[in-house]
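Chemist: generate coordinates for the sequence data below:
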Amino acid sequence: MFKLEVFFDYECPFCIRGHQNLMELLADYPQIEAVWCPCEAHPRPEQHGLHSDLLIQGMFFAADSGIDILKYHDRAYSLYHKNPVNVEDIDVLTEAFADMLDAGAFREALENGKFRKTQEDGNDYAYEKSGVWVVPAYRIDGKKLDSVAGVGVPKEKLKAFLDGAEKL
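Modeler: Numbers count the residues shown, from 1 in each chain. Down below sits the predicted model:
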């Protein structure tokens with residue numbers, strides 16, 4: 001089994017496309033397991049649209065709670081890109097995810113910052129330890145596939161990268 005680290009940010013339009021491409025391709029690679037490594041493309045205090053830190057903290061809450069992480073990803077991307085809401089508002093996020101997780105516990109985790117350090121450590125892991133410059137980015141067994149700024153990663157390049165894992 002190979003572990004594919006997927007570095008992404010819900011606010012990144014290239015990440016939503018990369019997520020869709022990866023989900024289409026992974027079915028053909030049962031020996032590859034995705035490890036979700038969210039990181040902010042534009043961490044605070046930088047101003048570049050709405051920050052995604054609460055969505056990322058929510059992902060860690062969902063994973064910790066045994067929630068289907070792919071459903072969480074779909075909802076989070078939708079909230080940012082398809083049906084935009086204020087993703088910096090805990091009330092809005094609590095309502096948006098209430099049907100899939102314990103809304104009270106979710107709200108409490110976001111309000112008290114239960115996963116803030118985990119989210120900040122994810123930024124450090126991506127940018128300081130894994131050499132990520134632009135998301136989405138992929139790592140598997142020491143090999144890297146990075147996005148081109150303003151372009152992302154074409155599906156064909158991602159497929160070739162996954163094919164390369166089979167040869168390791």
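Chemist: what is the neighbour count of the closest residue to Val134 other than its chain neighbours?
Modeler: Of all residues beyond its chain neighbours, the one nearest Val134 is Ser147 (4.4 Å), with distances taken as Cβ to Cβ, 6 or more residues apart in numbering. Quick note: C-beta positions are derived from backbone N, CA and C, even for glycine. Other residues near Ser147 number 23, with proximity taken as other Cβ atoms under 10 Å.
Chemist: so which other helices or strands are in contact with the biggest helix by length in the chain?
Modeler: Taking DSSP state H as the criterion, the chain has its longest helix at helix 13-26. Packing partners of helix 13-26 (3 or more Cβ pairs under 8 Å, 6 or more residues apart in numbering; DSSP states H and E): strand 2-8, strand 32-38, helix 69-77, helix 155-166.
Chemist: pull out the buried residues from the helix or strand harbouring Leu145.
Modeler: Assigned by DSSP states H and E, Leu145 belongs to strand 143-146. Buried residues in strand 143-146, defined by neighbour count with 16 or more other Cβ atoms under 10 Å: Leu145, Asp146.
Chemist: then it to CSV, C-alphas only?
Modeler: Once non-C-alpha atoms are left out, strand 143-146 reads as follows in CSV (Å, rounded to 0.1, in the frame of the first residue of the first chain):
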residue,chain,number,x,y,z
LYS,A,143,8.4,11.7,-5.3
LYS,A,144,6.8,15.1,-5.9
LEU,A,145,4.1,16.4,-8.2
ASP,A,146,3.6,20.2,-7.8
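Chemist: in its sheet, which strands sit next to that strand, and in what direction?
Modeler: Note on strand 143-146: by DSSP bridges, its sheet partners are strand 137-140 (antiparallel).
Chemist: which of the residues in the partner strand are buried?
Modeler: Per 16+ other Cβ under 10 Å, strand 137-140 contains these buried residues: Ala137, Tyr138, Arg139, Ile140.
Chemist: can you check stretch 114-127 too?
Modeler: Lys114, Phe115, Arg116, Thr118, Gln119, Glu120, Gly122, Asn123, Ala126.
Chemist: likewise stretch 72-88?
Modeler: For stretch 72-88, burial by neighbour count (16+ other Cβ under 10 Å) applies to Tyr72, His73, Asp74, Arg75, Ala76, Tyr77, Leu79, Tyr80, Val87.
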